[in-house]
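>>> need a 3D model of the following:
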Amino acid sequence: MSIILKVILGIMTGTFGFYFITDVFKNRKMFSGKSWSGLLGTGFITNFFDTLGIGSFAQQTAIFKFFKLVDDRLIPGTMNVGNTIPTVTQAFIFMTVVQVDPVTLVSMSTAAPLGALLGADIVSRMSRRRIQMGLGFGLLAVALIMIAGFLDLMPVGGEAIGLTGWKLALIVGMSFIFGALQTVGVGFYAPCMAMVYALGMHPLTAFPIMMTATAMLMAAGGAQFVKKGAYDRKVSLSLSIAGIIGVFLAAFVVKSLPLLMLKWVVLCIVLYTSVWMFISAFRKEGESKVEVI
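Coordinates of the predicted model:
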């Protein structure tokens, strides 16, 4: 079953790659004069942290705006296109090195893109601020539960590699919802980590699940940005090239972490995203809408 998922993702990525590389080659004379070293460094660093579970979009948005590397209008497309191949690389690495129940992996990885496609219209009509506040409180609650578990105040977490019954139905349903929320800028990574941990799965299993789901979303969406030319080609190419290197190095770090340290990494990411959601909820209208993924 997971092999079928890999084949589908491979076909989607191949199609995207064809459009991307062809478009870059045809328009290479339109490259800006921005330094290659700075762009490559951005791709490496942000995708390194993305592989650890900290989304790259927020980091890249800050860098692009502070150093004026990308026109604001092209930032969403540039990030979606430039991070697609590194994210797909993450998915293939973790699907290969981390053992996950195929039914759980395929169900969650399929539910998220479906949520983005089918639930986007419903979610787009909801109050963005209330969504962010609700998710912020939810992640904070999970973080407190994790801390209670570390202090032996209550039993939480586990080492299961898959779910069955009502737990599987719940997490698939939540993946659908998180996929829909991603269309309005609410990231998938931290909520996925929180649910996996709360339902008793091994924290490491969250990585292939969340990366595969996000990779499928980006491979489909990235091709649309390329077709419309709504991205900075030089920046996206830099993110892709250096991002792959960052992914491989970070993946080695993640899979070599002992379980206790991995749990603390998950806790830090959940807390970080919770705080980010609260900050985003209180931003003034008109500020950047791009969030952590």
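>>> going by C-alpha atoms from here, please, whenever you check contacts or count neighbours.
Noted.
>>> and the contacts of whatever helix or strand residue 269 lives in?
Element membership for residue 269 (DSSP states H and E) is helix 259-281. Contact with helix 259-281 is made by 53-54, 128-130, 132-133, 135-140, 142-143, 146-147, 190-191, 193-194, 203-204, 254, 292, as judged by C-alpha atoms under 8 Å, 6 or more residues apart in numbering.
>>> could you redo the last one with a cut-off of 7 Å?
Contact with helix 259-281 is made by 53-54, 129, 132-133, 136-137, 139-140, 143, 146, 190, 193-194, 203, as judged by C-alpha atoms under 7 Å, 6 or more residues apart in numbering.
>>> what do you get for stretch 131-146?
Contacts for stretch 131-146 (C-alpha under 7 Å, 6+ apart): 156, 191, 194, 267, 270, 271, 274, 275, 277, 278, 281.
>>> alpha carbons of that stretch, as PDB, please.
Below are the C-alpha coordinates for stretch 131-146, written out as PDB (Å, rounded to 0.1, in the frame of the first residue of the first chain):
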ATOM      1  CA  ILE A 131      -9.300  29.200  13.800                       C
ATOM      2  CA  GLN A 132      -5.800  30.400  15.000                       C
ATOM      3  CA  MET A 133      -7.000  31.000  18.500                       C
ATOM      4  CA  GLY A 134      -8.700  27.600  18.700                       C
ATOM      5  CA  LEU A 135      -5.600  25.800  17.300                       C
ATOM      6  CA  GLY A 136      -3.300  27.800  19.600                       C
ATOM      7  CA  PHE A 137      -5.300  26.700  22.700                       C
ATOM      8  CA  GLY A 138      -5.500  23.100  21.400                       C
ATOM      9  CA  LEU A 139      -1.700  22.800  20.900                       C
ATOM     10  CA  LEU A 140      -1.100  24.500  24.200                       C
ATOM     11  CA  ALA A 141      -3.300  21.900  25.900                       C
ATOM     12  CA  VAL A 142      -1.400  19.000  24.200                       C
ATOM     13  CA  ALA A 143       1.900  20.600  25.300                       C
ATOM     14  CA  LEU A 144       0.700  20.700  28.900                       C
ATOM     15  CA  ILE A 145      -0.300  17.100  28.700                       C
ATOM     16  CA  MET A 146       3.100  16.200  27.300                       C
END
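>>> can you tell me the closest non-neighbouring residue to residue 114?
For residue 114, ignoring the flanking residues on the chain, the nearest one in space by C-alpha to C-alpha, 6 or more residues apart in numbering is residue 176 at 6.5 Å.
>>> quick one: which of the contacts of helix 259-281 is most hemmed in?
Tallying neighbours with other C-alpha atoms under 10 Å puts residue 190 at the head of the contacts of helix 259-281, with 28 neighbours.
>>> just to revisit the earlier point, any chance of the contacts of stretch 131-146 in a markdown table, with pLDDT too?
Shown next, in a markdown table, are the contacts of stretch 131-146 (pLDDT from 0 to 100):
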| residue | pLDDT |
| --- | --- |
| 156 | 60 |
| 191 | 81 |
| 194 | 81 |
| 267 | 82 |
| 270 | 79 |
| 271 | 84 |
| 274 | 81 |
| 275 | 85 |
| 277 | 76 |
| 278 | 86 |
| 281 | 79 |
